[in-house]
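A.B. asks: here's my sequence, what's the structure:
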Amino acid sequence: MASRKRRNPNRTATRPTATAQVLHTTPLAGLQPVVLGEWDDADGQLSAQEAADGIAVFGDALLEDLRGLRHRLDAELLVGSVFGAIEESSPPEVDDAARLTVAVTAMLHLIEACTQVPAPVTLGFLMLAAEQGPALSRQAARAAADRMLAAGVQPPVWAQAAPPELVRAWQVSDGSGTRSALGMVFSAGHRDHALTVTVAPDAGAADVALSEGREARELHDELISELQAEPAARIIDLDAAGLLTELRPVLAAEPALADAELTSEAVPNLYLVHARARQLAAVLGEPDVQLHADAVLQETGAAGPAAAV
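C.D. replies: Numbering: from 1, shown residues only. Here you go, the predicted model:
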């Protein structure tokens, strides 16, 4: 029903940059290396410096890709790919708390490195990282971006663009009460994208899919056609306030993404949905939107951004 377009940066990029040099010399304190299975050595152990080196390669490739972008959505997906990379490289035995801790630690590491190389691309990364992911990394990125802006660094065009506007939203139920979905289409700069959140019975997200362009614009009408063959199913159109009301409990509940079609993309897509929900709340003048990951990190006693950056 919704296509996925992989936008993970090219991790084989080898062009040396100032940012890469900073990444390679910044220690990654507190990292649980077992989670970074993709970067493990033969003994299954990884030192903090080796983990930092692995993240440096990833971060350098990400920044190189950001330099060539023009559209905000492409940049958002690249920034979110930090969380997808951790998800993709995590062994199945690692629990959610450990995975979240490592993902936030990796993001904080990249944020700290960017602060040491003031430039439009690093500022753009910080501005978008301030909108996606758990509160710990968002707050650290926001503070770092504000300092860079105050120093006179100019952000790239894609970081200055206004958040996308909601075009259409709906809720779908299969009629059995076992599964439902929320759909939303956003437009920015004549480019539409849709996010579809499949909701598990306990109200947490079971999958989050992204579609773009014509597929996004036609998603609602295609659903109506499909549902004609399912008399028990129904689709209800939602306005911005109604969508926000439905999203709040879904985002606050524990997600069940283990069975998602592609977990490494569902995770960053869920953070993108949270970013869109927070943007809607700001426009409507409503309270901020809670995220389940923040509750998990609070239970683990994770350090705040001021301590980590």
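A.B. asks: where do the helices of the stretch 51-200 of the chain begin and end?
C.D. replies: Remark: helices assigned in the stretch 51-200 of the chain by DSSP state H, counting those that start in this stretch are 72-89, 96-115, 120-129, 135-150, 157-160.
A.B. asks: who does residue 186 form a beta bridge with?
C.D. replies: For residue 186, the beta-bridge partners under DSSP bridges are residue 166, residue 193.
A.B. asks: so it versus residue 195, what's the distance?
C.D. replies: When distances are taken as C-beta to C-beta, to the nearest Å, residue 186 and residue 195 turn out to be 8 Å apart. The way it works is simple: take the backbone N, C-alpha and C, and place the C-beta from them, glycine included.
A.B. asks: what do these two both touch?
C.D. replies: Between them, residue 186 and residue 195 share these contacting residues under C-beta atoms under 8 Å, 6 or more residues apart in numbering: residue 276.
A.B. asks: which one of the helices of the stretch 51-200 of the chain lies nearest to residue 167?
C.D. replies: Put simply, out of those the one that sits nearest residue 167 is helix 72-89, at 13.7 Å, with distance taken as C-beta to C-beta.
A.B. asks: quick one: distance of the longest helix belonging to the chain to the chain centre.
C.D. replies: Ranked by residue count, the top helix of the chain under DSSP state H comes out as helix 263-284. Its chain's C-alpha centre lies 7 Å from the corresponding centre of helix 263-284 when counted by C-alpha atoms, centre = their mean, to the nearest Å.
A.B. asks: swap in stretch 212-227?
C.D. replies: Between the centre of stretch 212-227 and the centre of its host chain there is 24 Å, according to C-alpha atoms, centre = their mean.
A.B. asks: can you pull the buried residues of it?
C.D. replies: Residues 212, 215-217, 219-220, 223, 227 are the ones in stretch 212-227 that count as buried (16 or more other C-beta atoms under 10 Å).
A.B. asks: using CSV, list the CA coordinates for it.
C.D. replies: Output in CSV follows, covering the C-alpha atoms of stretch 212-227 (Å, rounded to 0.1, in the frame of the first residue of the first chain):
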residue,chain,number,x,y,z
GLU,A,212,6.0,9.9,-2.2
GLY,A,213,4.7,11.9,-5.2
ARG,A,214,1.8,10.5,-7.2
GLU,A,215,1.6,7.4,-5.0
ALA,A,216,1.1,9.6,-2.0
ARG,A,217,-1.5,11.8,-3.6
GLU,A,218,-3.5,8.8,-4.8
LEU,A,219,-3.2,6.7,-1.7
HIS,A,220,-6.6,7.8,-0.2
ASP,A,221,-8.6,7.1,-3.3
GLU,A,222,-6.9,3.8,-3.8
LEU,A,223,-7.8,2.8,-0.3
ILE,A,224,-11.5,3.6,-0.9
SER,A,225,-11.4,1.4,-4.0
GLU,A,226,-9.8,-1.4,-2.0
LEU,A,227,-12.3,-1.2,0.9
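A.B. asks: for it, what is the average pLDDT?
C.D. replies: On average, the pLDDT along stretch 212-227 is 85.
A.B. asks: about what we covered before: got CSV for the buried residues of stretch 212-227, with secondary structure too?
C.D. replies: What follows is these, written out as CSV (DSSP: H, G, I helix; E, B strand; the rest coil):
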residue, secondary structure
212, strand
215, helix
216, helix
217, helix
219, helix
220, helix
223, helix
227, helix
